[in-house]
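# Got a sequence here, can you build the structure:
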Amino acid sequence: MENAVSYLTILLNDLEQAKNSLSTYNNTILILKANYAQDIDPSQEENFYKRLTKKMNDSEKNQLATTISYFRAYATRAYIGYKSIETKLKDSEKKKQIEETYKIIKTTVMPDYDTAEAFVQALNDIFVIEINVQALINTAQKSNDLSRLSSTPTLT
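Model (predicted):
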């Protein structure tokens with residue numbers, strides 16, 4: 001049981017880090033849009049990222065690449081953890097969404113923010129729905145309490 005709790009703790013941490021990285025990605029894109037939106041025609045939103053990267057300086061490109069790299073790293077870690085327990089999960093629509101969005105994230109240099117957000121949201125939804133985190137916490141606490149009760153008292 002302890003290994004399962006540890007595994008899920010790591011998986012949930014990776015998901016939290018993916019959410020944090022997604023937030024940083026969003027902030028970075030918003031700052032860049034604020035700096036360059038006047039130079040890019042909003043009616044051509046599908047080419048926005050391509051046009052944006054042509055206007056950015058090297059420092060901004062490096063910052064964006066680093067942000068995407070962190071997001072992709074944690075998204076990959078969370079996806080691999082998800083794949084390990086996927087057969088135990090029920091929601092097939094969320095599973096489909098996770099698969100479709102992850103394919104884009106892992107193969108696109110600069111994935112669209114909405115796609116990245118949909119991936120993280122679907123993973124988060126499936127874990128909140130499927131994993132009874134409170135039951136895991138209660139079980140871990142009971143195990144911890146039992147181990148303390150059964151330990152040999154120290155003599156002083």
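
# average pLDDT across the one helix or strand V5 maps to?
Take DSSP states H and E as the rule and V5 turns out to sit in helix 2-36. Mean pLDDT, helix 2-36: 87.

# Pull out the buried positions in it.
Buried residues in helix 2-36, counted by 16 or more other CB atoms under 10 Å: 8, 11-12, 14-15, 17-19, 21-22, 24-25, 28-29, 32, 36. Bear in mind the C-beta positions are built from the backbone N, C-alpha and C, glycine included.

# so where is the protein shaky, pLDDT-wise?
1-2, 39-46, 131-141, 143-156 (pLDDT under 70).

# Break down this structure into its helices, ranges please.
For the chain, the helices defined by DSSP state H occupy 2-36, 48-55, 58-85, 92-107, 113-130, 133-149.

# which one of the buried residues of helix 2-36 is nearest S84?
For the buried residues of helix 2-36, the closest approach to S84 (CB to CB) belongs to L11, at 8.2 Å.

# Would you mind confirming that the closest one is in contact with Y79?
No: counting by CB atoms under 8 Å, L11 stays clear of Y79, with 10.3 Å between them.
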